[in-house]
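**Student:** next comes the sequence, and after it the predicted model I'd like to discuss.
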Amino acid sequence: MTFQDSVFIGIDPTSSYKSFTYAVLDRELNIKSLTNGEMDDVLVFLRGQVRAVVAINAPAGVNRGLVKEKMKKEMRTPHKIRGMDLRLAEYELRGRGINVTGTPSNVGLCASWVQLGFDLYRELETMGFEKYPQDGNLQVMETHPHACYCVMAGGIPASRLLLEGKLQRQLLLHERGLRIKDPMDFFEEITRYKITKGILPHELLLPPEQLDALVAAYTAWLTANKQEQVMAIGDDREGMIQLPISQLKETY
């Protein structure tokens with residue numbers, strides 16, 4: 001596949017509602033779209049794409065017991081291993097200090113946003129999207145926003161809901177060339193008066209859902225354009241998580 005005329009799309013299922021936040025980047029990392037929508041809105045947009053790489057912030061498959069198999073091969077007692085209800089990719093991330101939610105083996109036990117992600121993967125498959133890496137013009141991959149920010153920062157960032165966490169995430173994206181506002185401008189707008197009145201320039205910072213969608217879109221862009229700077233972990237039978245780093249550290 002040639003990615004010359006492609007768009008790079010990050011999709012983040014919203015945990016509280018049956019909706020998504022999605023971001024669209026062009027080859028120069030300009031933001032072409034950054035918005036929210038229901039499933040139908042997302043699908044209508046994706047049907048209009050001729051060349052696209054999509055990264056979804058949701059598991060591509062359920063847990064198939066691969067971690068348990070790994071424990072048995074290593075002669076470790078599975079029932080003594082904390083968090084056995086994990087996919088292999090999730091197990092590898094947790095082992096490095098990146099705390100991610102595990103995916104159950106039963107779809108019915110998965111959180112609503114995970115099930116929403118499963119629905120989206122199925123819809124994209126019917127639309128002709130192929131699991132990366134393939135040669136087609138429409139490709140889809142799994143990623144994880146928290147894990148992406150951890151590997152980009154080289155450590156665990158503050159909570160995405162905190163001011164510090166938003167600043168960190170937006171700065172990480174800005175430093176990598178995304179055409180977004182420099183979060184350091186936030187501090188230039190702060191005065192003694194504004195602090196005493198509780199008036200802070202929050203409009204300069206993107207909300208957590210949009211930052212998560214953007215890091216997914218950036219991972220899609222990086223995977224397509226600079227493959228030497230990305231890696232995938234996990235097992236294809238459960239879902240491979242693409243990360244914007246060439247090599248993981250032992251611990252974060």
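**Tutor:** Nice, thanks for sending it over.

**Student:** run through the residues that contact the residue lying closest to Arg87 once chain neighbours are set aside.
**Tutor:** Spatial nearest neighbour of Arg87, chain neighbours left out: Glu238 (4.3 Å); criterion: Cβ to Cβ, 6 or more residues apart in numbering. For every residue, glycine as well, the C-beta is placed using N, CA and C. Applying Cβ atoms under 8 Å, 6 or more residues apart in numbering, we find Glu238 in contact with Pro59, Ala60, Gly61, Val62, Asn63, Arg64, Leu66, Arg87, Leu88, Ala89, Thr103.

**Student:** buried only: go through those for me.
**Tutor:** Neighbour counting by 16 or more other Cβ atoms under 10 Å classes Pro59, Ala60, Gly61, Val62, Asn63, Arg64, Leu66, Arg87, Leu88, Ala89, Thr103 among those as buried.

**Student:** the fifth one contacts Asp85, doesn't it?
**Tutor:** By that I understand Asn63. Yes: using Cβ atoms under 8 Å, Asn63 is in contact with Asp85, at 6.1 Å.

**Student:** find residues that contact each of these two.
**Tutor:** Gly102, Thr103, Pro104, Ser105.

**Student:** just the buried ones from those?
**Tutor:** Buried members of the shared contacts of Asn63 and Asp85, counted by 16+ other Cβ under 10 Å: Gly102, Thr103, Pro104.

**Student:** give the contact list for the second one.
**Tutor:** In this case it means Thr103. Counting by Cβ under 8 Å, 6+ apart, Thr103 touches Pro59, Gly61, Val62, Asn63, Asp85, Leu86, Arg87, Glu90, Cys110, Val114, Glu238.
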